[in-house]
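> this one's sequence-less:
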Ligand code: ACO
């Protein structure tokens, strides 16, 4: 039993101004708009400028969420940023964001679990509120994946975009958090990783020349696992929440690839009009994709109190998870 309930009282999202189209990619990669569209469903994506880093994107999304909630930054008790593209190895990007927002002296920390970051973050943030530790938590998924992309590798350069999505969670009498299902398997990191300047292989000139600091992915294998794990996790979270598929109003999946989302929805037998897809506008923005899609859906005015939302993701780790959420007024 939890002490308190939790609900979302504000949402916001932000994408950098620079738009990179499939035709732009054609100018330096051996690829085509037709290949990218049919294999991924992606059209434009946004890439941050040289001056912009993840904390800037996160701060813009968080500011929009504060305005949406009618709150000031000082009224937030804790700031969490889910990201695998932090401004620095340390300190945490959340510390930068809290300062920029004016959430002074508030606790702030990052969650680094790739595309599953928002799902893990939503579970942690809800736990902090439901257990009575904090009254209000700002959770932001934010990525500048363009900064760790090998722009000459057509198998990854076309997939990823930059952006941020934020939610403000608040203590409530009603409880929106119905259940979570989280999982991870670290036995095969090489399926999807960026070695970066990690302690396993500290960055040196040879590593830089070999581009180990950039994203490497074994696409087809990752594709199959993404479908399997997101289907399993959705089924598991529905079971834990004692829901059936017909109860679901919106399925908001990580925007990895339109074909992954379509396959998952087909296996789950969830009709297309319940599945939120905005991949054609942003590409794969990792931890940012679900809160960006949620923010767009809420701001479109189509989410009503009582609606059941399933959030589900799969990504680097390998990691996966789903949260069942009942939208509250
Ligand atoms: N343009 C043209 N051709 C290409 C491109 C491109 N951009 N990229 C690859 N190809 C070629 C390949 O070289 C290959 O050619 P070949 O048959 O001559 O060898 C052919 O297209 C097929 O390549 P596949 O990799 O088998 O293509 P696939 O249909 O699997 O699509 C993709 C590749 C889009 C990467 C897909 O595998 C995918 O989406 N994977 C999962 C991504 C994902 O879910 N990641 C997890 C979340 S992200 C995170 O956690 C950070």
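Thanks, I have it. Predicted model only: the values in this text are computed from it and were never measured.
> please compute how far the helix with the most length in the chain lies from its chain's middle.
The residue-count maximum for a helix in the chain (DSSP state H) belongs to helix 219-240. Mean C-alpha position of helix 219-240 versus that of the full chain (CA atoms, centre = their mean, to the nearest Å) differs by 16 Å.
> do that helix and the ligand meet at all?
Yes: judged by CB under 6 Å from any ligand atom, helix 219-240 and the ligand are in contact via 219-220, 222-223, 226. In short, each C-beta sits where N, CA and C put it, glycine included.
> of the residues you listed, buried ones?
When those are checked for burial by 16 or more other CB atoms under 10 Å, the buried set is 222-223, 226.
> what about residue 62, how many neighbours?
32 (other CB atoms under 10 Å).
> residues contacting the residue lying closest to it once chain neighbours are set aside?
Leaving aside its chain neighbours, residue 62 sits nearest to residue 166 (4.4 Å; criterion: CB to CB, 6 or more residues apart in numbering). Residue 166 makes contact with 10-13, 58, 61-62, 64-65, 138-141, 291, 295 under the criterion CB atoms under 8 Å, 6 or more residues apart in numbering.
> now with 7 Å, please.
Residues in contact with residue 166, defined by CB atoms under 7 Å, 6 or more residues apart in numbering, are 11-12, 61-62, 64-65, 138-140, 291.
> tell me how far it lies from the ligand.
Per CB to the nearest ligand atom, to the nearest Å, residue 166 is found 19 Å from the ligand.
> ok, residue 77 next?
29 Å.
> thought that residue was touching residue 105?
No: contact criterion CB atoms under 7 Å: residue 77 and residue 105 do not qualify, at 10.9 Å.
> hey, where'd the strands end up in the stretch 101-250 of the chain?
Listed in chain order, the strands of the stretch 101-250 of the chain (DSSP state E, counting those that start in this stretch) span 108-111, 136-144, 162-172, 177-184, 192-193, 216-217, 250-253.
> in JSON lines: the ones you listed, plus distance to residue 96 and mean pLDDT.
Formatted as JSON lines, the entries for the strands of the stretch 101-250 of the chain read as follows, by distance: least, CB to CB, whole Å; pLDDT from 0 to 100:
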{"stretch": "strand 108-111", "distance to residue 96": "8", "mean pLDDT": "98"}
{"stretch": "strand 136-144", "distance to residue 96": "11", "mean pLDDT": "98"}
{"stretch": "strand 162-172", "distance to residue 96": "13", "mean pLDDT": "98"}
{"stretch": "strand 177-184", "distance to residue 96": "26", "mean pLDDT": "98"}
{"stretch": "strand 192-193", "distance to residue 96": "24", "mean pLDDT": "95"}
{"stretch": "strand 216-217", "distance to residue 96": "27", "mean pLDDT": "96"}
{"stretch": "strand 250-253", "distance to residue 96": "27", "mean pLDDT": "98"}
